[in-house]
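Enquirer: got a predicted model here, sequence first, then my questions.
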Amino acid sequence: MKNFLSSISLLFFILIAFGSLEDFESLDESTKITSDTKPSLKVSAVKLYDDYNANEIAADEKYKGKIIEVTGVVRDIGNDIMDNAYITLVGDQYFGDIQCYFNEKSVVASLSKGKRITVMGSCSGLMMNVHLNDCIIK
């Protein structure tokens with residue numbers, strides 16, 4: 001039974017890892033996010049997470065595929081299993097966050113947990129956390 005549960009856990013992890021690879025595709029050069037880019041929407045991290053928690057389909061229609069500006073408090077800083085630099089912004093007191101991926105690790109290296117920041121990135125929807133790609137600090 002223990003081996004069966006371990007196998008199921010491993011399979012689940014692999015599915016999530018490979019299923020999320022599309023999240024890491026960069027925008028093409030014509031839509032590269034810069035400090036001059038105008039976001040489609042501005043929202044707090046808590047509101048963005050609340051919208052996804054309330055109705056993922058409606059939130060996808062509102063945010064997914066759009067460049068959005070999100071303000072929140074840094075909860076975590078790290079690298080994922082593909083060595084992509086990310087931060088998470090507090091979205092929910094206990095569980096869900098906004099996971100922001102950066103192309104430049106030096107940007108992430110300068111941040112600290114607990115700091116209130118604003119990021120701009122391309123929303124790719126909900127997969128445990130709400131994902132923003134190609135982020136920059138505003």
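Expert: Perfect, thanks for sending it. Residues are numbered from 1 along each chain as shown.
Enquirer: next, residue 51: secondary structure please.
Expert: With DSSP: H, G, I helix; E, B strand; the rest coil as the basis, residue 51 sits in helix.
Enquirer: run a quick neighbour tally on it.
Expert: Counted by other CB atoms under 10 Å, the residues lying close to residue 51 total 19. Bear in mind the C-beta positions are built from the backbone N, C-alpha and C, glycine included.
Enquirer: which secondary structure elements does the strand or helix carrying residue 98 contact?
Expert: Element membership for residue 98, per DSSP states H and E: strand 97-102. Counting contacts by 3 or more CB pairs under 8 Å, 6 or more residues apart in numbering; DSSP states H and E, strand 97-102 packs against helix 45-54, strand 67-79, strand 85-90, strand 116-127, strand 129-137.
Enquirer: point out where this structure drops to low pLDDT.
Expert: Applying pLDDT under 70 to the chain flags the ranges 1-31.
Enquirer: what's the closest of the helices and strands packed on strand 97-102 to residue 108?
Expert: Checking the helices and strands packed on strand 97-102 against residue 108 by CB to CB gives strand 85-90 as the closest, at 4.3 Å.
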